[in-house]
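this one's sequence-less:
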């Protein structure tokens, strides 16, 4: 429940004893909690947002913008919020990931053509990728801890065994197929697996290619930034193709068409006893008291530190991979109080809901290279392999799901498309295009758990393929 809702639920007696300060706080909460519209950006009236943005631009123009954490937060949050707001105002396309695409592409395009202030770009690059600040670690650790600990335990225990078949099978078939065909086409087995299959199946940008690039850096050498520039195009292209596939599935099933037994579940994923509601989690938290948020931040940070500690003694896997394994074990075996899990989930809701556009614009400036994109697309084998990865994932996941008493269409959407879209934003676009919003929890499993498994897999494959 948001703080605004909590304010509305306060009893009259409490309102009387709250005095003027309480009423003023309630009014402020109500003002900032209004939904995004044509007149508000980031919950702020456009006029006030413009003033904040103007201060940042003035500092950059006068050369007094420090490359420090506080300034970095201001820059990436304001730039990300503006682009996210613009994308969200475009009818139809906003449901197909336009805000995410604008955040990833626009800053890089403007910088490439000399239309983005250099001072802002330098600040964003240092903030996003600088070792002294570590915004990426901050974001990814929060996402890993919150997405796994906030997932319904029943979903992992009851549906896990059944979903595991199409999930694991799809990853294996996509990796093997792309590796073999890539080798046959002369593109290379290593390049096809690590730079096409892995990023597409890895869970998006923030939870996928960002930690993946750091795994590559630690195990193969080079710079994480160069790896991100190579990995991002596959994710963007695959996301568009995946949403297109979701629209096709909706088009051929909207009247309940059944091409064979178990083909279309009309939103129901399992063909045996059980309901989607049994595996649905609590609504994603959008706010919380300060002590809840600080507990969530602390648990997420310590979980990441624990993963780093294990990686120090067992260097075969990246710290992110160990963090994922720790979070999954804690969730499965119930090692943390539910209040702690809720706190981490609330913290994750805050970070993912407010800082994702900020992370994406930072990635755009720091990692996106148009020369790299042009080189990739100039080779016809690259887009062919990307298309092949999406098609194989959609077809194979549906077939494997059907074998374990799941509906073909729903499993293709939940697993195949859930793994090949652009993470959380891609999940929303896919279920919207497929007109199956009830499948969202399962797409989250594919994006988060499936993406985590891909990170583990590439950590193990690099020594073999390198």
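Yep, that arrived. Since the structure is predicted, the reported quantities are computational estimates derived from the model, not experimental observations.

Would you agree residue 127 is in contact with residue 67?
Yes: contact status for residue 127 versus residue 67: in contact at 7.4 Å, counting by Cβ atoms under 8 Å. C-beta here means a position set from N, CA and C on the backbone, and glycine is covered the same way.

The two: which has the busier surroundings?
Using other Cβ atoms under 10 Å, the more surrounded residue of residue 127 and residue 67 is residue 127, with 27 against 16.

can you tell me which helix or strand that one belongs to?
Secondary structure from DSSP states H and E places residue 127 in helix 118-129.

got the buried residues for that helix?
Buried residues in helix 118-129, counted by 16 or more other Cβ atoms under 10 Å: 119, 120, 121, 123, 124, 125, 126, 127, 128, 129.

all helices in the stretch 1-150 of the chain, in order from the N-terminus.
Listed in chain order, the helices of the stretch 1-150 of the chain (DSSP state H, counting those that start in this stretch) span 3-8, 12-17, 19-32, 46-61, 69-88, 98-112, 118-129, 135-149.

could the ones you listed go into JSON lines alongside mean pLDDT and distance to residue 293?
Below are the helices of the stretch 1-150 of the chain laid out as JSON lines (pLDDT from 0 to 100; distance: least, Cβ to Cβ, whole Å):
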{"stretch": "helix 3-8", "mean pLDDT": "37", "distance to residue 293": "11"}
{"stretch": "helix 12-17", "mean pLDDT": "37", "distance to residue 293": "23"}
{"stretch": "helix 19-32", "mean pLDDT": "42", "distance to residue 293": "15"}
{"stretch": "helix 46-61", "mean pLDDT": "95", "distance to residue 293": "22"}
{"stretch": "helix 69-88", "mean pLDDT": "92", "distance to residue 293": "16"}
{"stretch": "helix 98-112", "mean pLDDT": "84", "distance to residue 293": "24"}
{"stretch": "helix 118-129", "mean pLDDT": "88", "distance to residue 293": "21"}
{"stretch": "helix 135-149", "mean pLDDT": "80", "distance to residue 293": "11"}
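
returning to what we had before: and the contacts of the helix holding residue 127?
The list of residues contacting helix 118-129 from outside it, by Cβ atoms under 8 Å, 6 or more residues apart in numbering, reads 56-57, 59-61, 63, 65-67, 69, 71-73, 75-76, 79, 107, 111, 133, 135-136, 224-225, 359, 361-363, 365-367.

mind redoing it with 7 Å?
Applying Cβ atoms under 7 Å, 6 or more residues apart in numbering, the external contacts of helix 118-129 come out as 60, 63, 65, 67, 71-72, 75-76, 111, 133, 135-136, 225, 361-363, 365-366.

Please apply the same query to stretch 103-114.
Contacts of stretch 103-114 (Cβ under 7 Å, 6+ apart): 79-80, 83-84, 116, 121, 236, 357, 360-361, 363-365, 368, 370.

now the angle from the helix or strand where residue 364 lies to helix 118-129?
Using DSSP H and E, residue 364 sits within helix 338-367. With axes from the mean of the first three to the mean of the last three Cα atoms, to 10 degrees defining the directions, helix 338-367 sits at 140 degrees from helix 118-129.

Please point out which parts of helix 338-367 sit buried.
340-352, 355-367.

now swap in stretch 185-201 and tell me
Of all the residues in stretch 185-201, those buried under the rule 16+ other Cβ under 10 Å are 187-201.

ok, of the residues you listed, which one's closest to residue 48?
Closest approach between these and residue 48, by Cβ to Cβ: residue 199, at 38.5 Å.

Check the secondary structure at that closest one for me.
Three-state call for residue 199 (DSSP: H, G, I helix; E, B strand; the rest coil): helix.

Touching, residue 246 and residue 418? I think so.
No: with contacts counted by Cβ atoms under 7 Å, residue 246 stays clear of residue 418, the gap being 10.2 Å.

In the sheet, which residues pair with residue 37? Tell me.
Note on residue 37: beta-bridge partners residue 40, judged by DSSP bridges.

Can you report how many residues lie near residue 221?
8.

picking up where we left off before, redo the buried residues of helix 118-129 as JSON lines? Include distance to residue 209.
Formatted as JSON lines, the buried residues of helix 118-129 follow (distance: Cβ to Cβ, whole Å):
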{"residue": "119", "distance to residue 209": "27"}
{"residue": "120", "distance to residue 209": "23"}
{"residue": "121", "distance to residue 209": "20"}
{"residue": "123", "distance to residue 209": "23"}
{"residue": "124", "distance to residue 209": "18"}
{"residue": "125", "distance to residue 209": "17"}
{"residue": "126", "distance to residue 209": "20"}
{"residue": "127", "distance to residue 209": "19"}
{"residue": "128", "distance to residue 209": "14"}
{"residue": "129", "distance to residue 209": "13"}
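
wait, which of those is closest to residue 179?
residue 129 (30.0 Å).

For residue 293, see how far away the residue nearest to residue 85 when sequence neighbours are not counted is.
Of all residues not flanking residue 85 in the chain, residue 41 sits nearest, at 4.5 Å (Cβ to Cβ, 6 or more residues apart in numbering). Using Cβ to Cβ, to the nearest Å, residue 41 is found at 23 Å from residue 293.

out of those two, which sits in the more crowded spot?
residue 41 (22 against 18).

give me phi/psi at residue 113?
Main-chain torsions, residue 113, degrees, to the nearest 10: phi -100, psi 10.

what about it, how many neighbours?
Residue 113 has 9 neighbours, counted by other Cβ under 10 Å.

how much space is there between it and residue 226?
Taken as Cβ to Cβ, the span from residue 113 to residue 226 is 22 Å.

quick one: low-confidence parts of the stretch 301-450 of the chain?
Along the stretch 301-450 of the chain, the parts satisfying pLDDT under 70 run over 315-318, 369, 371-373, 424-425, 428-429, 432, 437, 440-441.

Tell me how many other residues crowd residue 312.
10.

Quickly find the element holding it.
helix 290-313.

Show me what the following helix or strand past that helix packs onto, helices and strands only.
Helices and strands here follow DSSP H and E; after helix 290-313, the next one along the chain is helix 319-333. Contacts defined by 3 or more Cβ pairs under 7 Å, 6 or more residues apart in numbering; DSSP states H and E place helix 319-333 against helix 135-149, helix 153-157, helix 290-313, helix 451-465.

and the angle for the last one with helix 290-313?
Using the same axes, to 10 degrees, the interaxial angle of helix 451-465 with respect to helix 290-313 works out to 20 degrees.

check contacts around the residue nearest to residue 394 when sequence neighbours are not counted.
Take residue 394 and drop its neighbours on the chain: the residue closest to it by Cβ to Cβ, 6+ apart is residue 416, 4.0 Å away. Going by Cβ under 7 Å, 6+ apart, residue 416 touches 170, 393, 394, 397, 398.
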